[in-house]
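Q: Task: produce atomic coordinates for the following.
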Amino acid sequence: MESQQKTVDTLREDVVTAAVELFEGDQRAAKAWLNQPLRAIGNEVPALYMNSPEKIQEIRDIIGRLGHGVWT
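A: Numbering: from 1, shown residues only. Below you'll find the predicted structure:
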């Protein structure tokens, strides 16, 4: 269980890094985005939604699509 949690924590850190990159280094904007409801995940808050590797990957996918200009 502890190693799985460590993996989830590491994956969350990767999402935060990807969000900061999406917002061109603006950590405040990335944090704000991660802490507000997101329509693409049923109006859940990404920071609270990321409790499994699958959900974390879903947020990474959304960040990737936004980075490529795909409205999500």
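Q: Would you map the helices across the protein?
A: 2-22, 27-34, 46-49, 53-67 (DSSP state H).
Q: surely residue 34 meets residue 48?
A: No. Applying C-beta atoms under 8 Å, one finds residue 34 not in contact with residue 48, separated by 9.3 Å. C-beta here means a position set from N, CA and C on the backbone, and glycine is covered the same way.
Q: The two: who's more crowded?
A: Between residue 34 and residue 48, counted using other C-beta atoms under 10 Å, the more crowded position is residue 34 (21 against 10).
Q: Could you pull up the residues touching the more buried one?
A: Contacts for residue 34 (C-beta atoms under 8 Å, 6 or more residues apart in numbering) come out as 15-16, 19, 45-47.
Q: Can you list the low-confidence ranges for the protein?
A: For the chain, the stretches with pLDDT under 70 are 1-5, 72.
Q: Go again with 90.
A: 1-6, 70-72 (pLDDT under 90).
Q: List the buried residues of stretch 61-72.
A: With burial defined by 16 or more other C-beta atoms under 10 Å, the residues of stretch 61-72 counted as buried are 62-63, 66.
Q: Show me the contact partners of it.
A: Contacts for stretch 61-72 (C-beta under 8 Å, 6+ apart): 15, 18-19, 21-22, 38, 40-41.
Q: let's see 10 Å
A: 15, 17-19, 21-23, 30, 33-34, 38-41, 46 (C-beta atoms under 10 Å, 6 or more residues apart in numbering).
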